[in-house]
Structure formats: C-alpha cells, structure tokens
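Colleague: coords please:
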Amino acid sequence: MEPAMAAFDLTPEAAFTPAARLEFWLKSRLLMLARLLRDGLRPPGFASRRVRFRGEAAPLCEIRTPLYAEVDPAEATLQLGKVENLRVVARRLDGLVIRRGQVFGFWHQVGRPSRGRGFVPGRELRHGCIIPTIAGGICQMSNSLHHVARTAGMAILERHSHTSPVPGAAFPPGEDATVFWNYIDLRFRAPADVVLHARLTATELVVGLGRLP
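Modeller: Have a look, this model is predicted:
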C-alpha cells in the first residue's frame, strides 16, 4: 500500500529529530490513557471476542487486495513482516459475530500489538516516511474492513485517514482507515447480525461480511 522504499529513508532518525520523537511518545501515551478512561467510563457495547461462527452466511460484501507489490529490495523484509502481521490479525477476526446494535472495535478485537502476541516488524508510513515498527502494515486490514463495513451498510462510528497520501494505494484518501494503538481506531455498529471473515491466500488478503441466518 505504501510507496516503494526507494523514495524514503528506512530509519526512524530520518523521520523525527530526538525532540520530535520524544514529543510524539509523550502525546501518544496521553492519548492512549485518555482512550482507556473514556471507554471504561462509557463502554461502547463491543461485540464479544469469544463468539465465533463457522457456518454459512449470506454474503454482503467482500474485497481482495494484493499482499505483495513491486518494492525496492531494501523493503522486502518489511513487506514479509506486513504479511505475517496481517495473518496474526486475520486469526483474531475471522468468524467474529457482531450482533445487531453491537460495535466492532478494531483494537478491542485485536488487542495491543507486541512481539509476545506474534507481531513482527513491518512497515509504517509516518509523516511521509517509511519506518519499521512492530505490527507495521496492518492498515491494509483496517482499510479493507472499512470498505466492507461501509459497503454493507454498517454505521461508521470512527475512522481516521492516513497523515499523508499513499501513492498507488488500493484505497484513495477519504476511503482509507488507518489505526494506531489504541486511540486511532476503526469502529462501526451493525444494523443486523453479521459475521466477519478475514483470511490470507498465497497472494491476497480477503475480507468480507455476511448476514447471519
């Protein structure tokens, strides 16, 4: 989804000065805390992580996006990391049941990304620079989720665009949906009982919604 690495410097140092990185870290921690407090005081009514459906559902919408793109050799490892991160997220989302009136929250379902939970370094676009970061690349999943949710008639409660346009991306500005633990989230409410499908083939990420019987 992001531009080829040839146009960007891989190192975080190229993206931020030390002072700017410290400012980002402090602000992000305050925003994370604020999100936790807000959700704790006013629970959004999230779908349960434990309710799964493995039967047939009437398809509402499905989208397929390529896992791999032509990239600079310097970016190949990060692209492989992105694919592994998408695989980890897909396992947490596939078969998820969202009952009528319940809210899907990306981070509520996926949880905090860390090495201990299976995530690896992937690529993140930050202020126009590609940098390696744990769980990098999972915005391909949130982009796809936003597309199927909107197409299937879900009520979009929260969506955030990327900070910079991504040339060659499958989703243009206004149709993308970036995520960053935990305060930049994707949330939508289901008007009917639906099931979420998410899987990887050898070459594609496949995301869809189906109506439950």
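
Colleague: measure Glu75 to Tyr68 for me?
Modeller: In this structure, Glu75 and Tyr68 are 11 Å apart, going by Cβ to Cβ, to the nearest Å. Just so you know, the C-beta spots here come from the backbone N, C-alpha and C atoms, and that holds for glycine as well.

Colleague: and Ala58, by the same measure?
Modeller: In this view, Ala58 and Tyr68 are 31 Å apart by Cβ to Cβ.

Colleague: if we can go back for a sec, more neighbours: Glu75 and Tyr68, which one.
Modeller: Per other Cβ atoms under 10 Å, whichever of Glu75 and Tyr68 has more neighbours is Glu75, with 21 against 13.

Colleague: helix, strand or coil for the more buried one?
Modeller: Assigned with DSSP: H, G, I helix; E, B strand; the rest coil, Glu75 falls in the helix class.

Colleague: ok, it touching Arg123?
Modeller: Yes: assessed by Cβ atoms under 8 Å, Glu75 is found in contact with Arg123 at 6.7 Å.

Colleague: quick one: residues contacting the nearest residue to Gly174 once chain neighbours are set aside.
Modeller: Once flanking residues are discounted, Gly174 sits nearest to Ser161: 6.7 Å by Cβ to Cβ, 6 or more residues apart in numbering. Ser161 sits next to Pro173, Gly174, Asp176, Ala177, Thr178 when contact means Cβ atoms under 8 Å, 6 or more residues apart in numbering.

Colleague: tally of neighbours for the first one?
Modeller: With neighbours defined by other Cβ under 10 Å, the count for Pro173 comes to 11.

Colleague: then the second one?
Modeller: Here the neighbour count serves as a burial measure; for Gly174 (other Cβ under 10 Å) it reads 7.

Colleague: and the pLDDT at it?
Modeller: Listed pLDDT for Gly174 reads 83.

Colleague: confirm it sits in a strand?
Modeller: No: counting by three-state DSSP, Gly174 falls outside a strand, being coil.

Colleague: now stretch 131-150: average pLDDT?
Modeller: For stretch 131-150, mean pLDDT rounds to 95.

Colleague: and that stretch, C-alpha only, in PDB?
Modeller: Provided in PDB are the C-alpha atoms of stretch 131-150 (Å, rounded to 0.1, in the frame of the first residue of the first chain):
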ATOM      1  CA  ILE A 131       9.800   3.200   9.200                       C
ATOM      2  CA  PRO A 132      10.000  -0.300  10.700                       C
ATOM      3  CA  THR A 133       7.600  -0.800  13.600                       C
ATOM      4  CA  ILE A 134       6.100  -3.800  15.400                       C
ATOM      5  CA  ALA A 135       2.700  -4.700  13.700                       C
ATOM      6  CA  GLY A 136       3.500  -2.400  10.800                       C
ATOM      7  CA  GLY A 137       1.300  -2.900   7.700                       C
ATOM      8  CA  ILE A 138      -1.900  -3.900   9.400                       C
ATOM      9  CA  CYS A 139      -3.600  -0.800   8.000                       C
ATOM     10  CA  GLN A 140      -4.200  -3.000   4.900                       C
ATOM     11  CA  MET A 141      -6.700  -4.900   7.100                       C
ATOM     12  CA  SER A 142      -8.300  -1.800   8.600                       C
ATOM     13  CA  ASN A 143      -8.700  -0.300   5.100                       C
ATOM     14  CA  SER A 144     -10.400  -3.400   3.900                       C
ATOM     15  CA  LEU A 145     -12.600  -3.600   7.000                       C
ATOM     16  CA  HIS A 146     -13.800   0.000   6.500                       C
ATOM     17  CA  HIS A 147     -14.600  -0.700   2.800                       C
ATOM     18  CA  VAL A 148     -16.700  -3.800   3.500                       C
ATOM     19  CA  ALA A 149     -18.400  -2.200   6.500                       C
ATOM     20  CA  ARG A 150     -19.400   0.900   4.600                       C
END
